[in-house]
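# what shape does this take:
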Amino acid sequence: MSGLKVLHVITGLGIGGAEQQLRLLLRHLPVHSRVVTLTNPGPVADGIEADGVPVTDLAMTGNRDLGALPRLAGIVRRGGYDLVHTHLYRACVYGRLAARLGGVRRVIATEHSLGESQIEGRPLSAGTRALYLASERLGTSTVAVSASVARRLADWGVAPERIEVVPNGIETARFAYDPRGRRLVRGVLGLPADAFVVGGVGRLAPGKRFDRLVRAVAAVPEARLLLVGDGERREELRALARERGAADRVLFFGACEDPPVLAPGGPTLPELLSAMDVLVSASPDETFGLAVVEALAAGLPVLYAACPAIEDLPPEEAPGARRFDGSAAELTRLLRAFLDAGPPDRLPQPPAARRYDIAHSADRLMSLYDRAVHGPLPSPRPTRDPSPHP
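From the prediction side, this is the model:
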């Protein structure tokens, strides 16, 4: 293990893509790590601690809890860290400043959630951009989780020479198709062995557009829908399924932490993917598209509306992925075409799944850590105009 000491600062540790990505990275980074969550030490915090990395809850009460800043700076100062690594918008803003106040000038920030029109669900306003860019000047570099996010950061005003691309990753081997797991999961969930099962994975939030999956499956009587995730739209989606006469064909599995904290008491995410026949991602605004990559690693054909992880690659690296216009009507047509073609064969893991193995991402991040720590101290870049582009 490297002798580097790294403090990771993240906004929260409930089940979510950025949160679980941090846990995966910690399992593969050969450094001495500690994690501070500004708020919400949820299930992913339990998983990180089960993996042997300590987690501290800063108990921040809101975006304007300025008392959190000296508490975080004190943790930085007492820890003797070589580098601070921040994740998600609020943690980046507070973490960069706290690192500087705590005596650490090497700060890397990962941008997980900068979409075309929002960042972590908040609109891309002039104020949001100005605060982000002001704090960005205090860091060493900003990591984008895809080439698409790197382009958005540059367009937003981050100097291109300060942007590094380190893609999200998965533990590819764990997602390989498991026919035994398929049979077991279908038995546990009450899904017939010959049923055509459409899958959706992610937070049940407005931007993910799971309503389109419900509408499309309702229009295809032979299909069933397995939704893996939880969120504020769960009951609304249930009501929509009832309204469309498909309540008995839409199964809400709930949130699924991956990897599980302890020995799983129920189906794991790779097993749930093995139980599906096609995965659909209808979200029109994604920063990476982790669920799509996981599904491809499980040998599933995938229909997606937006997925930078795939769009940034040559088509031959993900032959099982097909882009669609995101509408329920187009999705209905494509699902009927799957049914007409007969039971789909499981596909081999494509090059894209191997490209995005988490070990590769950890190696690239370690190279960035080494350059940041052993290179010259960063100089703040000149202030740039934070006003929106005309």
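# can we go C-alpha only for contacts and neighbour counts from here?
OK.
# for the longest helix along the chain, buried residues please.
Longest helix in the chain, counting residues (DSSP state H): helix 358-374. Going by neighbour count (16 or more other Cα atoms under 10 Å), the buried part of helix 358-374 is Ile358, Ala359, His360, Ser361, Ala362, Asp363, Leu365, Met366, Leu368, Tyr369, Ala372, Val373.
# cool, and stretch 180-195?
Under 16+ other Cα under 10 Å, the buried positions of stretch 180-195 are Gly181, Arg182, Arg183, Leu184, Val185, Arg186, Leu191.
# turn those into TSV, including pLDDT and secondary structure.
Below are the buried residues of stretch 180-195 laid out as TSV (pLDDT from 0 to 100; DSSP: H, G, I helix; E, B strand; the rest coil):
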residue	pLDDT	secondary structure
Gly181	93	helix
Arg182	96	helix
Arg183	95	helix
Leu184	94	helix
Val185	96	helix
Arg186	97	helix
Leu191	96	coil
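# can I get those in TSV including distance to Pro70?
Shown next, in TSV, are the buried residues of stretch 180-195 (distance: Cα to Cα, whole Å):
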residue	distance to Pro70
Gly181	49
Arg182	50
Arg183	53
Leu184	51
Val185	48
Arg186	51
Leu191	53
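# okay, among those, which ones form the most distant pair?
Maximum pairwise distance among these (Cα to Cα): 13.0 Å, between Gly181 and Leu191.
# distance between the ends of stretch 161-174?
For stretch 161-174, the first-to-last residue distance is 35 Å (Cα to Cα, to the nearest Å).
# mind checking how far it is from the chain centre?
11 Å (Cα atoms, centre = their mean, to the nearest Å).
# so which bits of that stretch are buried?
For stretch 161-174, using 16+ other Cα under 10 Å, the buried residues are Arg162, Ile163, Glu164, Val165, Val166, Pro167, Asn168, Gly169, Ile170, Glu171, Thr172.
# inside strands: which ones of the residues you listed?
Secondary structure from DSSP state E places Ile163, Glu164, Val165 of these in strands.
# could you find the closest non-adjacent residue to the second one?
Using Cα to Cα, 6 or more residues apart in numbering and skipping residues adjacent in sequence, the residue nearest Glu164 is Val143, 4.8 Å away.
# what sits against that neighbour?
When contacts are counted by Cα atoms under 8 Å, 6 or more residues apart in numbering, Val143 is found next to Ile108, Ala109, Thr110, Glu111, Ala150, Ile163, Glu164, Val165, Val166.
# repeat that with 6 Å
Ala109, Thr110, Glu111, Ile163, Glu164, Val165 (Cα atoms under 6 Å, 6 or more residues apart in numbering).
# over to Thr61?
By Cα under 6 Å, 6+ apart, Thr61 has no neighbours at all.
# immediately after the helix or strand containing Glu294, which helix or strand?
Assigned by DSSP states H and E, Glu294 falls within helix 290-297. Following helix 290-297 in sequence order, the next helix or strand is strand 302-304 (DSSP H and E).
# give me the pLDDT value at Gly62.
Here the pLDDT value assigned to Gly62 is 82.
# can you tell me how far it is from Asn40?
From Gly62 to Asn40 the distance is 11 Å (Cα to Cα).
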